[in-house]
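Chemist: just a sequence and a predicted model for now, questions to come.
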Amino acid sequence: MKIHSSIIRKSWANFLTVLASWYVRLFYEFPPKEILRLEQVKSILIIRLDKVGDLVLATPVFKNLKMSIPGVKISVLVKGYAAGVLKNNPFVDEILIYDNKEDRKKAQNRGFDIALNLIYDFHLESALACLFSGATQRAGYKDKYSKYFYNIEVEKDPAFKYELQRNLDILRGLKIEIKSEETGLFPSREEINECADFIGKIRTGENDVIIGLNPGTGRRRREWSLEKFIELGKNLKADKKIKILVLWGKKDKISAQKIVTGIGENAFMAPETNITLLAALLTFSKVFVSGNTGPAHIAMAMKVPLVGLYGRTDHLNWTPEKNDNIAVISGDKCSSISVAEVIKGVEMFL
């Protein structure tokens, strides 16, 4: 009998968690929970060691901390591939990369007053980063092994909830008032001008409209087929004013080229971008069509109308309850969503 690779990965992760928990119990002196006095807090470490979209949805945490604790220094610990989300963010004082052994050493015992691990499901790497940060107070979601890593455990809400709200729930657990729920990315003026120059070459008519398509999702179960993207593009470009811009990451470039070729006239490949360049480029789109992935969250942060393609319940965790700028299109699987449904979603914003 063949064992699925995901089962092996999960079993190995559980084994490492048990091992690490025993190590902490035997060899690590664990200080007691203290009464948290915000007026005494000078430095905070925020930990979010996962994907780009997750980090985008964590950006309101930084703003709320700055608004609630005047003068506090905010450091954020992230994977290198996601660090661009924080570029130019006025509410972040320090970006710490956590990709290798040297990075881990640099993030240890920095004297933070508080370390907050925002990840909802227990994640050993993040829990260890929180523990070894040396912060006096360490907060994270309560789980089977969380007591070995945090001295402030925040109760989980098991209901479906937008990930942005889960991030803010950590602050609520610390009795910090939520004053803003807005995500934010901050492309530079130079990046905006660079994108404007590119769009100027596509938008040849005064009334031309850009519709962005994003075929990449990083997970097979979230994919919508290339054939459907091509059919969508052909239907939309029947209106001569509509120009189709196909976005791509390094793993999706070949797929994007096939879509552009399949659509033909008035379909264009986006230039290579980083995270803030992508944010700037998206602002020139009238509508953006994407599965549940980082660029969709970037579009929401930049207030670009989104037609989001989701599995049956995925949107409950990954979109806000109410947002007039989002058309949620869901099916049992993303692959089962029809082109007609997506066209109807696009037309809501034209």
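Modeler: Thanks, I have it.
Chemist: going by C-alpha atoms from here, please, whenever you check contacts or count neighbours.
Modeler: Noted.
Chemist: helices along this structure, start to end?
Modeler: Along the chain, counting by DSSP state H, helices occupy 5-27, 52-56, 59-68, 101-106, 124-132, 163-173, 189-202, 226-236, 253-263, 275-282, 294-301, 314-318, 339-347.
Chemist: for residue 349, see how far away residue 324 is.
Modeler: Distance of residue 324 to residue 349, given as C-alpha to C-alpha, to the nearest Å: 10 Å.
Chemist: residue 58 now?
Modeler: From residue 58 over to residue 349 (counting by C-alpha to C-alpha), the distance is 27 Å.
Chemist: what of residue 70?
Modeler: Computed as C-alpha to C-alpha, the residue 70 to residue 349 distance reads 40 Å.
Chemist: these two: which is more packed in?
Modeler: Of the pair residue 70 and residue 349, residue 349 is the one with more neighbours under other C-alpha atoms under 10 Å, namely 16 against 12.
Chemist: I'd guessed that one sits against residue 289; true?
Modeler: No. Between residue 349 and residue 289 no contact is recorded; they are 11.5 Å apart, counting by C-alpha atoms under 8 Å.
Chemist: how about stretch 88-101: buried residues?
Modeler: Using 16 or more other C-alpha atoms under 10 Å as the test for burial, stretch 88-101 gives 89, 91-92, 95-98.
Chemist: which residues are contacting it?
Modeler: Stretch 88-101 has contacts (C-alpha atoms under 8 Å, 6 or more residues apart in numbering) with 49, 62-63, 66, 73-80, 83, 86, 103-104, 107, 184-188.
Chemist: weed out the non-buried ones from those.
Modeler: Buried by 16+ other C-alpha under 10 Å: 49, 62-63, 66, 73-79, 83, 86, 104, 107, 184-187, out of those.
Chemist: quick one, what contacts residue 236?
Modeler: 242, 343.
Chemist: how close does it get to residue 259?
Modeler: 13 Å.
Chemist: any stretches of the stretch 1-150 of the chain with poor pLDDT?
Modeler: 1-8, 11-12, 23, 27, 29-35 (pLDDT under 70).
Chemist: can you give me the buried ones in stretch 170-184?
Modeler: Buried residues in stretch 170-184, counted by 16+ other C-alpha under 10 Å: 170-171, 173, 176, 178, 181, 183-184.
Chemist: and it, C-alpha only, in CSV?
Modeler: The C-alpha trace of stretch 170-184 is given here as CSV (Å, rounded to 0.1, in the frame of the first residue of the first chain):
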residue,chain,number,x,y,z
ILE,A,170,-3.9,37.6,19.1
LEU,A,171,-4.1,41.4,19.9
ARG,A,172,-7.6,41.0,21.3
GLY,A,173,-6.3,38.3,23.5
LEU,A,174,-3.8,40.8,24.9
LYS,A,175,-6.6,43.3,25.5
ILE,A,176,-5.3,45.6,22.7
GLU,A,177,-8.0,47.7,21.1
ILE,A,178,-8.4,47.1,17.3
LYS,A,179,-8.5,50.5,15.6
SER,A,180,-7.9,49.5,12.0
GLU,A,181,-8.6,46.4,9.9
GLU,A,182,-7.0,47.7,6.7
THR,A,183,-4.2,45.7,5.0
GLY,A,184,-1.5,47.7,3.4
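Chemist: what's the offset of that stretch from the middle of its chain?
Modeler: What separates the centre of stretch 170-184 from the centre of its chain is 17 Å, taken as C-alpha atoms, centre = their mean, to the nearest Å.
Chemist: name the residues that touch it?
Modeler: By C-alpha under 8 Å, 6+ apart, stretch 170-184 touches 36, 56-61, 63-65, 67-68, 89, 116, 118, 139-141, 154-155, 164, 168, 301-302.
Chemist: same check on stretch 298-314?
Modeler: By C-alpha under 8 Å, 6+ apart, stretch 298-314 touches 53, 56, 182-185, 222, 224, 279, 282-283, 285-292, 296, 325-334, 337, 342, 345-346, 349.
Chemist: equivalent analysis for stretch 103-112, please.
Modeler: Contacts for stretch 103-112 (C-alpha under 8 Å, 6+ apart): 42-45, 96-98, 129, 132-136.
Chemist: what about 6 Å?
Modeler: With contact meaning C-alpha atoms under 6 Å, 6 or more residues apart in numbering, stretch 103-112 is reached by 43-44, 132-135.
Chemist: just the buried residues of that stretch, please?
Modeler: Quick answer for stretch 103-112 (16+ other C-alpha under 10 Å): 104, 107-108, 112.
Chemist: next, count neighbours for the closest residue to residue 73 other than its chain neighbours.
Modeler: Counting by C-alpha to C-alpha, 6 or more residues apart in numbering, residue 43 is the residue found nearest to residue 73 once chain neighbours are left out, at 4.6 Å. Number of residues near residue 43 (other C-alpha under 10 Å) recorded here: 19.
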